[in-house]
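Enquirer: No letters, just coordinates:
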């Protein structure tokens, strides 16, 4: 497979999210939305106007929001529970664990403004731990789409999936990825660029930086495979095994370095396909700053990914 370059233009994945939910709701009256006073930030205003009796605003009460979502699912509805991911996942962790995952309720949890994109509000409003701690919950599907098309497809797939799903929806503008054969399946990653010297496994906003890093490395004679691993749980272990066969893996994500995508890949490789690795992500609590500054400062950039790949290849003698 050849290189896949992003198309021009930047897009807010929340727009793709709400369009998909509206389309689903028009086709299926079981689709409802539940929010925590977040109609505006979730961009669900048109949904509210079009389906006024199918949007429930519980106010700033995330635990109640998830509980209401679980109750609606128990009554046969398909609720899309939407709120800022830093509050949805942290404040309502017990409800996500017990009411959704343990009880296997058909709730779709939509984490908005994920990663560091909420604004210049510091660690309390960063959502960098969400993938790490939700991945630890049994029977909860975790999806981190990379662009508008994949966001919409993930929403549609989640609606058709019987069980709880967490979809991490970014508000950080990203380009649409060009795909020769677009297809999205829960639990399957996609190879966006082939290469046999090293594999870069990324998801979310970091997929675009991974592709740019691969372009940089190609100029130096390094053929980097780029994998978009949108589903973190369940992980596409077959694709990870193929990545390990290159002899080196770099993971990249807009989240905590420990426990997220990098942790999932490292755990699998440690047990089944030991391979030299570098994990790119945030180290922990961070200062206040713009999303662009934070990502650049902590190496979550094309240059940072390329540097990690060079260092890893040098360490292994590649």
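Expert: Structure received. Because the structure is predicted, anything quoted here is derived from the model rather than measured. Numbers count the residues shown, from 1 in each chain.
Enquirer: now residue 70: how far from residue 299?
Expert: As judged by CB to CB, to the nearest Å, residue 70 and residue 299 stand 39 Å apart. Every residue, glycine included, has its C-beta placed from N, CA and C.
Enquirer: Between those two, point out the one with more neighbours.
Expert: residue 70 (23 against 17; other CB atoms under 10 Å).
Enquirer: Go ahead and confirm the more buried one touches residue 101.
Expert: No: counting by CB atoms under 8 Å, residue 70 stays clear of residue 101, with 10.0 Å between them.
Enquirer: same for the strand or helix carrying residue 64, what does it pack against?
Expert: Residue 64 belongs to helix 62-74 when assigned by DSSP states H and E. The helices and strands touching helix 62-74, judged by 3 or more CB pairs under 8 Å, 6 or more residues apart in numbering; DSSP states H and E, are strand 31-35, strand 78-84, helix 85-91, helix 93-95.
Enquirer: Run the chain-centre distance for it.
Expert: 22 Å (CA atoms, centre = their mean, to the nearest Å).
Enquirer: circling back to that earlier point, out of the helices and strands packed on helix 62-74, which is the most enclosed?
Expert: strand 78-84 (a mean of 27; mean count of other CB atoms under 10 Å).
Enquirer: Name the strands paired with it and say parallel or antiparallel.
Expert: strand 31-35 (parallel), strand 108-112 (parallel) (DSSP bridges).
Enquirer: Tell me which residues are up against that strand.
Expert: Applying CB atoms under 8 Å, 6 or more residues apart in numbering, the external contacts of strand 78-84 come out as 21, 24, 28, 30-36, 38, 41-42, 44, 62, 65-66, 68-69, 72-73, 88, 106-113, 118, 125, 127, 155, 159.
Enquirer: Could you rerun that using 6 Å?
Expert: Outside strand 78-84, the residues that touch it by CB atoms under 6 Å, 6 or more residues apart in numbering are 21, 30-36, 38, 42, 65-66, 69, 72-73, 106-110, 112-113, 159.
Enquirer: Next: stretch 51-69.
Expert: 25, 32-37, 48, 79, 81, 87-88, 91-92, 95-96, 99, 107.
Enquirer: Work out for me the element residue 133 sits within.
Expert: helix 130-135.
Enquirer: what's that helix in contact with?
Expert: Under CB under 6 Å, 6+ apart, the answer for helix 130-135 is 85, 89, 111, 140, 142, 166, 232-233, 255-256, 259-260.
Enquirer: Report the two of the residues you listed separated the most.
Expert: 140 and 256 (17.3 Å; CB to CB).
Enquirer: Please say which of those two ends up with more neighbours.
Expert: In this view residue 140 and residue 256 are compared by other CB under 10 Å, and residue 256 has more residues nearby, 24 against 21.
Enquirer: Distance of the residue nearest to that one when sequence neighbours are not counted relative to residue 286?
Expert: Computed as CB to CB, 6 or more residues apart in numbering, the closest residue to residue 256 that is not its neighbour in sequence is residue 128, at 4.7 Å. Here the criterion is CB to CB. By it, residue 128 lies 8 Å from residue 286.
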